[in-house]
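Enquirer: One predicted model, sequence on top.
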Amino acid sequence: GAPRRPRKLPPRFGHDTFTGRMMYMFDQFDPRPLLATQKQLEQAKQLVERYRNWQVEPEEETLRRAQKLVEVSLHPDTKEPIPWPFRVSAFLVIGPPIGLGLIQPNASIASVAFWQWANQTHAACLNYANRPIASNAFGKSSEMMNIPNLNGGAPIQIENRALISYMGAVGSAMAVSLSVRSLSMHLKNKAMLLLAPVCGVISASVANLYLTRQHELSEGIEVCDPETNECLGKSKVAAKKALIETAISRAVLPLPAIGLTPFMFQYLNSAAWYRSLGTVGALSVRYVGLLTMTWATVPPSFALFPHRGSLPLSRLEPEVQRAGSRVNCTEVSYNKGL
């Protein structure tokens, strides 16, 4: 008979509800998969592929562990390893130290510029490493730049236009954050000064996202048959929806951790026990507080919209509709990006 279609992996969490997506993101933020070796990752990838092709029937817990390792370590479109600093599971390792630098009190202009640069550099790399693939090829070799792969594999190819977008994003980050800081000091508004970091982060993060992924609006992103994951073509409609949803998530993401914690730490400054801790002790309290706030609030921000978006076939471009009709597909899925 005809070969069986590849089967779907059993969902570890329901993605149709905010609660299900939030629990999924809490699971994705678990940093323990970062300790997995390349061999373990390859074994997990093979197990998942063999399960999809009806070749093995592993125990449920074994399959779930392999599925999680693959999801947090490999790009959903290319199936290639994502450099570990730019995986979701590394966010709690990289994010809080940068956040602590962003909200330090009485920061100098040089310090503000450095930490905004560090934050937006990490954000740009996160955007690029987790972006939906807009085309099947990266482009001409003359349009590419090779950088070393932190995983020890082949060099990572980065489009020159992405580097140009990155420079524009970092520039906008510094300009916005320093402008808000200068205005707050001119107005002698303490609350505004405390909000300067988050204002800079929000506006620059959205600009960063747009500059890094703006070409998707003109080229489209891949849309797939949700049953077989077969690519049906590229859609600008899906690209626009993906960017809008990602921008909203990015705007909400820093509000609690970078927006609220400066006021909390300002309140702590009036407590005698906090002042008695000394510089190292106070820094430790701030770090633990920011780490806790990041862990509690960032996963819900990422969960506002499904990571794997969907659209009715009827809303897409005619060529995509024709490709979908040939395989009796009424709805498509796409990688929204992180």
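Expert: Arrived safely, thanks for sending. All values derive from a computational prediction rather than experimental measurement.
Enquirer: make it CA atoms for all contacts and neighbour counts henceforth
Expert: Will do.
Enquirer: remind me, longest helix of the chain?
Expert: helix 160-187 (DSSP state H).
Enquirer: what packs against that helix?
Expert: helix 109-129, helix 190-213 (3 or more Cα pairs under 8 Å, 6 or more residues apart in numbering; DSSP states H and E).
Enquirer: That one to helix 109-129, inter-axis angle?
Expert: If you take axes from the mean of the first three to the mean of the last three Cα atoms, to 10 degrees, helix 160-187 sits at 150 degrees to helix 109-129.
Enquirer: What residues sit buried inside helix 160-187?
Expert: Applying a neighbour-count criterion of 16 or more other Cα atoms under 10 Å, one finds 162-163, 165-178, 180-181, 184 buried in helix 160-187.
Enquirer: Stretch 302-321 too?
Expert: Going by 16+ other Cα under 10 Å, stretch 302-321 has these buried residues: 302-307, 309-311, 313, 316, 320-321.
Enquirer: any idea how far that stretch is from the chain center?
Expert: Put simply, stretch 302-321 sits 19 Å off its chain's centre (Cα atoms, centre = their mean, to the nearest Å).
Enquirer: what is the mean pLDDT for that stretch?
Expert: Throughout stretch 302-321, pLDDT has a mean value of 90.
Enquirer: residues making contact with that stretch?
Expert: With contacts defined as Cα atoms under 8 Å, 6 or more residues apart in numbering, stretch 302-321 is touched by 15-16, 18, 21-22, 25, 232-238, 242, 245, 249-250, 253, 324, 329-338.
Enquirer: Sitting in strands, which of those do you find?
Expert: Taking DSSP state E, the ones among the contacts of stretch 302-321 that sit in strands are 232-235, 331-335.
Enquirer: TSV for the residues you listed, including distance to Met293?
Expert: Formatted as TSV, the ones in strands among the contacts of stretch 302-321 follow (distance: Cα to Cα, whole Å):
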residue	distance to Met293
Leu232	41
Gly233	40
Lys234	38
Ser235	37
Glu331	37
Val332	36
Ser333	32
Tyr334	31
Asn335	28
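Enquirer: tell me which of the residues you listed is nearest to Leu9?
Expert: Nearest to Leu9 among the ones in strands among the contacts of stretch 302-321 is Ser333, at 15.2 Å by Cα to Cα.
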